[in-house]
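>>> Requesting a structural model of the entry that follows:
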Amino acid sequence: MSRALVLGGGGITGIAWELGVLAGLREAGLDLTGADLTVGTSAGSVVGAQITSGLDLEELYSRQLRPADGERPARLNPAALVRIAWAMLRARTPEAGRAHAGLIAVRTATGSETERRAVIASRLPVHRWPDQRLLVTAVDARSGALAVFSRDGDASLVDAVAASCAVPGVWAPVTIGGRLYIDGGVRSSANVDLADGHGRVVVLAPTTAGAGPFAGARAQAAGLSGNPRVTVVAPNAAAKAAIGRNVLDPERRAPAARAGRAQAAEVAEAVAGVWAE
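Numbers count the residues shown, from 1 in each chain. Predicted coordinates for the structure are as follows:
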C-alpha cells in the first residue's frame, strides 16, 4: 500500500515544527522520509526538499536550533491579508479569488525576487530534484490556477520552492517560464488532495484552517477517495505557544523545532496506525 507524506505551510516556524515532529517520529521508530510521495506547500516545500535531499534528518533538525544571528523577522501584511480574504470570499470561482490574491501580491510585494531566491537556495542542501517523488505547489498569480512542480517539469527545485513560499504581501511573486507564481498556500494550507490514490497518508499541518474557497487540511483529508488510512497532525497547545504569533520570526524557530520533537511522542501511535506495515 503506497504512502504519502503531506507537508503544509506555516512560515519559518512551520519548517522548524515539521522537522521537529519528523525527527521525533524517527526516534520513535517511524521514518516518514521514505514516502512514495511527498507533497510540499510553502514551508512544507522547504521541508520536502530537505528531507529528500539525502542529508540526515538529525542534521536537518539540528540546523533549526542554531542562533538566528543576522536574520530579520518578516511580518505578514494584515491589510493585504484582509483584502485577499475578502476578494477570495466574493469571487465567483476559487480560481478568480486566487487571481485577485495574485494581483494584490504583485502590488504589495517587497524585496527583490533575486534576493528571495538566494534565501531559499541557502535553505536547500541540494538544488536538484530528488529521485523520490516530490510535488511542490504554487498558484499562478494571473489565472489563480494551481501549479504543481516536480522533476518531470522544467522548473528548477529552487525556483519551485521559492514560488511555493512567495507569501502574498510579504515577498515578490516568482517568475518561472515567463509566468508569475505565488504561495501554494493561497489554494490550501496543505493541498492534501494531491495525495489522492495513496493508501496511507500522514499530514503535518502547522495550520489546518479553511474557509470558503480556501480548503482546509482536515476537510481535504476527509475527502480523499478509496478510504485510505489518514491522520492529520497539527501543533498542540505547547507547540502553538512555542511558535508564537509571528510565524516568520526566526527567533521562534528553535522553540518550534523542540516543541515539534516533543509532540512526536504524543502522536506516534496515531501515525504508526497509518504508516506502519
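
>>> any idea where the helices of this structure begin and end?
Remark: helices assigned in the chain by DSSP state H are 11-27, 43-51, 57-63, 78-90, 94-108, 113-123, 157-164, 217-222, 237-243, 253-275.

>>> Present these as JSON lines; the columns should include mean neighbour count and distance to residue 193.
No exception for glycine: its C-beta is placed from N, CA and C like everyone else's. JSON lines is the format used below for these (neighbours: other C-beta atoms under 10 Å; distance: least, C-beta to C-beta, whole Å):
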{"stretch": "helix 11-27", "mean neighbour count": "27", "distance to residue 193": "19"}
{"stretch": "helix 43-51", "mean neighbour count": "30", "distance to residue 193": "14"}
{"stretch": "helix 57-63", "mean neighbour count": "16", "distance to residue 193": "26"}
{"stretch": "helix 78-90", "mean neighbour count": "15", "distance to residue 193": "18"}
{"stretch": "helix 94-108", "mean neighbour count": "20", "distance to residue 193": "13"}
{"stretch": "helix 113-123", "mean neighbour count": "15", "distance to residue 193": "25"}
{"stretch": "helix 157-164", "mean neighbour count": "28", "distance to residue 193": "16"}
{"stretch": "helix 217-222", "mean neighbour count": "20", "distance to residue 193": "5"}
{"stretch": "helix 237-243", "mean neighbour count": "18", "distance to residue 193": "25"}
{"stretch": "helix 253-275", "mean neighbour count": "20", "distance to residue 193": "17"}
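
>>> Pick out the shakiest of those helices, pLDDT-wise.
Sorting those by mean pLDDT places helix 78-90 lowest, at a mean of 71.

>>> Which strands or helices does it pack on?
When contacts are defined as 3 or more C-beta pairs under 8 Å, 6 or more residues apart in numbering; DSSP states H and E, helix 78-90 packs onto helix 94-108.

>>> mind listing what the residue positioned nearest the centre of the chain touches?
The residue lying closest to the centre of the chain (C-alpha atoms, centre = their mean) is residue 44, at 2.5 Å. Residue 44 sits next to 6-10, 14, 18, 190, 204 when contact means C-beta atoms under 8 Å, 6 or more residues apart in numbering.

>>> With residue 43 instead?
7-12, 14-15, 18, 165, 206.

>>> for residue 113, same thing?
The contact partners of residue 113, by C-beta under 8 Å, 6+ apart, come to 162, 172-175.

>>> now with 6 Å?
By C-beta atoms under 6 Å, 6 or more residues apart in numbering, the contact list for residue 113 reads residue 172.

>>> One more: residue 204?
Residues in contact with residue 204, defined by C-beta under 6 Å, 6+ apart, are 7, 18, 21, 233.

>>> Quick one: neighbours of residue 166, just the number.
As a burial measure, residue 166 scores 29 neighbours (other C-beta atoms under 10 Å).

>>> isn't it right up against residue 173?
Yes. Using C-beta atoms under 6 Å, residue 166 is in contact with residue 173, at 5.3 Å.
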